[in-house]
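What follows is a predicted protein model with its sequence.
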Amino acid sequence: MDRIRIRGGKPLHGAIPISGAKNATLPLMAAGLLTDGPLVLENAPDLADIATMGALLAQHGLTVTHDKAARTITLSGAATNLEAPYDIVRKMRASVLVLGPLLARFGEAKVSLPGGCAIGTRPVDLHLKGLEQMGAAIELDSGYIHAKAPAGGLRGARIIFPTVSVGATENLLMAAALAEGTTELVNAAREPEIGDLAMCLMRMGARVEGIGTDRLTVEGVRSLGAATHPIIPDRIEAGTYACAAAITGGQVMLEGARLADLGAVVRVLRDAGVDVAERNDGLMVSRLNGLHGTDVMTEPFPGFATDMQAQFMALMCIADGASMITETIFENRFMHVPELMRMGARIKYHGQSAIVRGVPKLSGAPVMATDLRASVSLVLAGLAAQGETIVNRVYHLDRGYEAVERKLAAVGADIERIGA
Ligand SMILES: CC(=O)N[C@H]1[C@@H](OP(=O)(O)OP(=O)(O)OC[C@H]2O[C@@H](n3ccc(=O)[nH]c3=O)[C@H](O)[C@@H]2O)O[C@H](CO)[C@@H](O)[C@@H]1O
Ligand SMILES: C=C(OP(=O)(O)O)C(=O)O
């Protein structure tokens, strides 16, 4: 199993190209089930999760081509198998996003329940209730969701989400695109990845209003067609490398990153003493002086992203003063805490909040992580630490960071991937 070795203490300088967003690409690929296509997705990242979604769609019967040199994914054909098996869904929760499209287009679907994962229980009840409101009959049996659309297909409905859910908004948006009549999604998630999905659906012929707001109105159409769609840049990858520049006291140009997509993350970084400047071709991030302890609470967009919480905590480990970091989206997203403490961080947590008391220096250590963003927070800590850090279980990183060691080495980090 691969590991990453980092020798810390080198300020980063240079430019890092930001890849297409993982969390946009996965729902966009699921949207390939809504049309015979071809659906061509441009600016596609090369990640383990993308390969997993490709395998899932291929076993449904789609033709999936990922041209890594051209950075395009092309999806075509119609699903012939309406079952998403446990073996694939358990690897990647975004697999549940095939449910809405399969049901809307083919009237039936059998999708493994994704279950929980390291960061929390992650229920899908809001996805299922929304589909039921659109007329679907849903049964849970032997770990699977069995869903059937009524005769004549799914019907538009007014769906009010009791909590903001990114996944449920995406599943229901895709289902609504092919439903009979109008669907209103109220208290919808506003993450940039949802706007990107809606834009792509419109290119395919869907009728969606309210993009970027918490109220999406979808006028169902009979069928969707071919389209070519450029995937938005990965705001979480950009935020992560912004923290890399800041934690090492360097200056990095994040090529292609977009300020507005980062929401509250930019404000919080600035409060902490990081300079973030918008340029025509991306964001310039630098840190010349000390970091200040800064409190954050994770929230749905445009609030501070839960997917940036671990990375920001790593940064606060070397800030002046204390920071209170509160996680409101997932109940168990502090698994990086004990590992950061092994590197000399002073952190205490209770329930959903952690207090980080900044220390002048972290020290390198062998560390291990159990999820994607926790792993990358340890890479960040390793970049700032004295001595050598070995990050184990690199497969978590490969789910969501394209060529992480190459991108960081190119801006001056002493980092390499080593075999077991
Ligand atoms: C709002 C939010 O920040 N969502 C994050 C969430 O999206 P993801 O789509 O995985 O999760 P949701 O947005 O659906 O979950 C938000 C909250 O709603 C709850 N919930 C969700 C669905 C449901 O059917 N029932 C239910 O109770 C969840 O337990 C959670 O507390 O994880 C992704 C990967 O880390 C992030 O990119 C998203 O930004
Ligand atoms: C946790 C993440 O992904 P997933 O929802 O696929 O688990 C993430 O992108 O940070």
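The structure has been received and is ready for your questions. Ligands and ions are numbered 1, 2, ... in the order given.

pretty sure residue 135 belongs to a strand, no?
No - looking at residue 135 with DSSP: H, G, I helix; E, B strand; the rest coil, it is coil, so not inside a strand.

Nearest residue to it in space, please, no chain neighbours.
The shortest distance from residue 135 to any residue other than its chain neighbours is 4.2 Å, reached at residue 150 (CB to CB, 6 or more residues apart in numbering). (C-beta placed from N, C-alpha, C; glycine too.)

count of residues packed around that neighbour?
With neighbours defined by other CB atoms under 10 Å, the count for residue 150 comes to 13.

quick one, what contacts it?
With contact set as CB atoms under 8 Å, 6 or more residues apart in numbering, residue 150 has these partners: 135, 136, 137.

quick one: contacts of the lowest-mean-pLDDT helix or strand in the chain?
Least confident element among the helices and strands of the chain, by mean pLDDT, DSSP states H and E: helix 395-400 (a mean of 93). The contact list for helix 395-400 (CB under 8 Å, 6+ apart) reads 1-2, 4, 22, 47-49, 92, 236-237, 369-376, 379, 391, 404.

Tell me, how many residues neighbour the spatially closest residue to residue 366 that is not a sequence neighbour?
Using CB to CB, 6+ apart and skipping the chain neighbours, the partner closest in space to residue 366 is residue 390 (4.4 Å). Applying other CB under 10 Å, we find 16 residues neighbouring residue 390.

Go ahead and confirm residue 390 touches residue 3.
Yes - contact status for residue 390 versus residue 3: in contact at 5.4 Å, counting by CB atoms under 8 Å.

Give me the three-state assignment for the residue nearest to residue 366.
Secondary structure state of residue 390, per three-state DSSP, is strand.

oh, and call the first residue 819 from now on, that's how I've got it
In the new count, where the first residue is 819, that last one comes out as residue 1208.

how near is it to residue 1110?
According to CB to CB, to the nearest Å, residue 1208 and residue 1110 sit 30 Å apart.

How many neighbouring residues does residue 1181 have?
Here the count is done by other CB under 10 Å, and residue 1181 has 16 residues near it.

repeat for residue 1047
Using other CB under 10 Å, residue 1047 has 21 other residues around it.

check contacts around it.
With contact set as CB under 8 Å, 6+ apart, residue 1047 has these partners: 846, 857, 858, 859, 860, 1014, 1017, 1018, 1021.

swap the cut-off to 10 Å and go again
Applying CB atoms under 10 Å, 6 or more residues apart in numbering, we find residue 1047 in contact with 842, 846, 849, 857-861, 1014-1015, 1017-1022.

Also residue 1132?
Residue 1132 is in contact with 1058, 1061-1062, 1064-1065, 1154, 1157-1158, 1161, 1163, 1174, 1180, 1192, 1194-1202, counting by CB under 10 Å, 6+ apart.

And the closest residue to residue 1043 other than its chain neighbours, how far from residue 1008?
Ranked by CB to CB, 6+ apart and with sequence neighbours excluded, the top spatial neighbour of residue 1043 is residue 1023, at 5.1 Å. As for residue 1023, its distance to residue 1008 is 23 Å (criterion: CB to CB).

More neighbours: the two, which one.
Each of residue 1023 and residue 1008 has its neighbours counted (other CB under 10 Å); residue 1008 has more, 22 against 16.

tell me the SS of the residue nearest to residue 1043?
Three-state call for residue 1023 (three-state DSSP): coil.

Now it: phi and psi?
Here is the backbone geometry of residue 1023 (degrees, to the nearest 10): phi 110, psi 0.

Quick check, pLDDT for it.
At residue 1023, the model reports a pLDDT of 98.

still on that earlier bit, the residue nearest to residue 1184 reaches residue 823, doesn't it?
Yes - in terms of CB atoms under 10 Å, residue 1208 counts as a neighbour of residue 823; the distance is 5.5 Å.

Could you tell me which residues touch both of these two?
When contacts are counted by CB under 10 Å, 6+ apart, the set common to residue 1208 and residue 823 consists of 1182, 1184, 1200, 1236.

so which of those also contact ligand 2?
Of the entries in the shared contacts of residue 1208 and residue 823, none also sits close to ligand 2 under the rule CB under 6 Å from any ligand atom.

Is there a quick PyMOL command that grabs whichever of these are buried?
Listed next is the PyMOL selection for buried residues among the shared contacts of residue 1208 and residue 823, using 16 or more other CB atoms under 10 Å:
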select buried, resi 1182+1200
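
re earlier: surely the residue nearest to residue 953 is in a helix?
No - counting by three-state DSSP, one finds residue 968 to be coil, located in no helix.

The residue nearest to residue 1043 and ligand 1, how far apart?
Plainly put, residue 1023 is 25 Å away from ligand 1 if you go by CB to the nearest ligand atom, to the nearest Å.

tell me the contacts of that residue?
For residue 1023, the contacting residues are 852, 853, 995, 1039, 1040, 1041, 1042, 1043, 1044, 1045, by CB under 10 Å, 6+ apart.

from the contacts of residue 1047, which would you call buried?
842, 846, 849, 857-859, 861, 1014-1015, 1017-1022.

and the closest residue to residue 1200 other than its chain neighbours, what is it in contact with?
Spatial nearest neighbour of residue 1200, excluding adjacent residues (CB to CB, 6+ apart): residue 1207 at 3.2 Å. Each residue near residue 1207 by CB under 10 Å, 6+ apart is listed here: 822-826, 1160-1161, 1180-1185, 1196-1197, 1199-1201, 1233.

go again using 6 Å as the cut-off
Residue 1207 makes contact with 824, 1182, 1200 under the criterion CB atoms under 6 Å, 6 or more residues apart in numbering.

per-residue pLDDT, residue 1238?
The predicted structure scores residue 1238 at 68 on the pLDDT scale.

separation between the residue in the chain positioned nearest to ligand 2 and ligand 1?
Here the residue of the chain nearest ligand 2 is residue 1125; by CB to the nearest ligand atom that distance is 4.2 Å. Noted for residue 1125: a distance of 5 Å to ligand 1, by CB to the nearest ligand atom.

right, and that residue touches residue 1053 too?
No - at 8.7 Å, residue 1125 does not count as touching residue 1053 under the criterion of CB atoms under 6 Å.

what's across from residue 1096 in the sheet?
On the basis of DSSP bridges, residue 1096 is bridged to residue 1101.
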